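Enquirer: I would like the atomic coordinates for the input below:
(chains A and B)
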Amino acid sequence: MGLLSKKDAALITDPLADNNPITIQVLGICSALAITAQLKASIVMAISVLFVMGVGNVVISAIRNIIPSKIRIIVQLTVVAALVIIVDQVLKAFAYELSKELSVFVGLIITNCIIMGRFEAFALGNGLWRSFLDGIGNALGYGIILIIVGFFRELLGSGTLLGIPVLGDPIAKTGLYSIGYENNGFMLLSPMALIVVGIIIWVQRSRNKALIED
Amino acid sequence: MSNKTDSNIYTVLFAIGMVIVVGALLAFTASSLKERITENKRLEKQQNILYAMGVNENSENSASFVSTDKAPELFKEYIKQQLVITNGNDIKEDDNAYLIDVKKEQDKAKKGGVRQLPLFVGVKDGKSYYIAPIRGKGLWDAIWAYVAMDENMVIQGAYFDHKGETPGLGANIKERFFMDDFIGEHLMTSGEFKGVTVSKSNADPTNKDKTDHEVDAIAGATITGDGVAAMIKKDLALYVPFFKSLN
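Expert: Reported below is the predicted structural model:
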């Protein structure tokens, strides 16, 4: 990587695996459970968080030396909320369809603890460029887990991917359904998201023993 | 952190400054975009009404509206009459009835006022459609719909939408597989309004029985589904006197 120094590149790659915000830091679980019943919703959420994390981390990093430490959490919250609302308004004016798609995510982004967590843990103590990379890296790490969970929940729960039936028609009994396969409705409910995240954590920790805490 | 930023005066001043800056920024964005947003919402209403009566660009599985630049023209072409019904049977014509805010009218009725019920009469291929806007509560926030019916209150098409239902679960009420189930369902049984229930025990997966007053529920979206059924029961029932006067 010519563009990034080794240390900077680690900011992007670490959250993807060994310092993943969901499976290792256990942040952003609520939204990971809420919106992963469909692959499309997972992807939309991943992109939204990518944007807010990237910009938010830079803003916080830029004003890190003038934020009064006593009210820093409030300042962080205000920055995220303002950012998200401005984006929402602009989308409503210029890309109405897309903004309808995002409606519920707006609220979920503001309350996503990954964002606050990274502001607090990283952007408050690091420069603009490194904060930007950290934001992007963590958002990608979050997005990957979301997409993996969304993939399995939609495939096993509805037999579709991105809304396109891939296993045949469950009512006309074609494709896989003709040999007795059934969709698992339980996959659509939040507990299964937790179980899928749990399985990912299990796989990850059994491959890298250093991640196991006592 | 330097000591300067720890003082109380600084903290208070910073908070005030931040509120002013952020407030101004949001106010500026909101007011400069307001016109476009209102226009988008107006066009969306026209698109929704047209969608319910079957004027849309649906492909095999996905629901899609007529494009925004064509919507006003098509709206004029297909919607022959816009009615406002008050007190059950008092009917007025109003070319801007589609701009009536159903939520405000519901609030009015709650406070003891007279609710205006908008109804749009569309004609397509020689057939009349009566389209009513309705509104209710889902799991998290508001849900609403445009339901197109014929003279006998048999549903001809429906468009559902929501403000903040869970993506992948309750949000699926605006998917074709749910909305299309309503087509052909009867709202009345021998002169009595029964509505359509979103049922978990429908036992009619291909939805062949159109007089059972039931459509299949969505797994994981019980409360949203119940909200849909309640909204149909409550709001569409108000139109019964009008339809009775038709026959």
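Enquirer: from here on, contacts and neighbour counts on C-alpha atoms
Expert: Noted.
Enquirer: shaky segments in chain A?
Expert: Scanning chain A for pLDDT under 70 picks out A:1-3, A:214.
Enquirer: just the helices in it please.
Expert: A:6-13, A:29-34, A:39-62, A:72-94, A:96-110, A:113-121, A:128-158, A:190-207 (DSSP state H).
Enquirer: buried residues of the shortest one, list them for me.
Expert: Judged by neighbour count using 16 or more other C-alpha atoms under 10 Å in any protein chain shown, the buried positions of helix A:29-34 are A:29, A:31-34.
Enquirer: out of those residues, who's near chain B?
Expert: Restricting the buried residues of helix A:29-34 to those near chain B by C-alpha under 8 Å from any C-alpha of the partner chain leaves A:Ala34.
Enquirer: for A:Tyr142, state which of the buried residues of helix A:29-34 is nearest.
Expert: A:Ala32 (8.5 Å; C-alpha to C-alpha).
Enquirer: could you find the closest non-adjacent residue to B:Ile155?
Expert: B:Met149 (4.4 Å; C-alpha to C-alpha, 6 or more residues apart in numbering or on different chains).
Enquirer: wait, that neighbour touches B:Ile183, no?
Expert: No. Applying C-alpha atoms under 8 Å as the test, B:Met149 and B:Ile183 come out as separate, 9.1 Å apart.
Enquirer: neighbour count winner among those two?
Expert: The residue with more neighbours, out of B:Met149 and B:Ile183, is B:Met149; 26 against 20, by other C-alpha atoms under 10 Å in any protein chain shown.
Enquirer: what about the helices in chain B?
Expert: B:8-52, B:71-78, B:102-110, B:176-179, B:222-231, B:240-246.
Enquirer: so which of the ones you listed is the most packed in?
Expert: Most buried of the helices of chain B, by mean neighbour count (mean count of other C-alpha atoms under 10 Å in any protein chain shown): helix B:222-231, with a mean of 21.
Enquirer: and that one, what does it pack against?
Expert: strand B:127-137, strand B:142-149, strand B:197-199 (3 or more C-alpha pairs under 8 Å, 6 or more residues apart in numbering or on different chains; DSSP states H and E).
Enquirer: for the ones you listed, please prepare CSV with the additional fields mean pLDDT.
Expert: Shown next, in CSV, are the helices and strands packed on helix B:222-231 (pLDDT from 0 to 100):
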stretch, mean pLDDT
strand B:127-137, 93
strand B:142-149, 94
strand B:197-199, 90
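Enquirer: out of those strands, deepest packed?
Expert: strand B:142-149 (a mean of 24).
Enquirer: flag every residue of chain B that's near chain A.
Expert: Residues of chain B lying near chain A by C-alpha under 8 Å from any C-alpha: B:1, B:5-6, B:10-11, B:14, B:18, B:22, B:26, B:29-30, B:33-34, B:36-37, B:40, B:163-169, B:205-206, B:219-220.
Enquirer: rerun at 6 Å
Expert: Listed as neighbours of chain A in chain B under the rule C-alpha under 6 Å from any C-alpha of the partner chain: B:5-6, B:11, B:36-37, B:164, B:167-168, B:220.
Enquirer: export those to JSON lines and tack on pLDDT?
Expert: Listed next are the residues of chain B next to chain A as JSON lines, based on pLDDT from 0 to 100:
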{"residue": "B:Thr5", "pLDDT": "73"}
{"residue": "B:Asp6", "pLDDT": "79"}
{"residue": "B:Thr11", "pLDDT": "90"}
{"residue": "B:Arg36", "pLDDT": "90"}
{"residue": "B:Ile37", "pLDDT": "89"}
{"residue": "B:Gly164", "pLDDT": "82"}
{"residue": "B:Pro167", "pLDDT": "76"}
{"residue": "B:Gly168", "pLDDT": "75"}
{"residue": "B:Gly220", "pLDDT": "83"}
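Enquirer: relative to B:Lys108, which of these is nearest.
Expert: B:Gly164 (24.0 Å).
Enquirer: contact partners for the closest one?
Expert: A:104, B:141 (C-alpha atoms under 6 Å, 6 or more residues apart in numbering or on different chains).
Enquirer: ditto for B:Ala142
Expert: Residues near B:Ala142 by C-alpha under 6 Å, 6+ apart: B:136, B:162-163.
Enquirer: got the domain boundaries for chain B?
Expert: B:3-39, B:45-246 (automatic domain parsing).
Enquirer: redo those as a markdown table? Include distance to A:Gly135.
Expert: As requested, the domains of chain B are exported to a markdown table (distance: least, C-alpha to C-alpha, whole Å):
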| stretch | distance to A:Gly135 |
| --- | --- |
| domain B:3-39 | 22 |
| domain B:45-246 | 25 |
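Enquirer: looking at these, which is nearest to A:Gly107?
Expert: So among the domains of chain B, domain B:45-246 is nearest, using C-alpha to C-alpha, at 9.1 Å.
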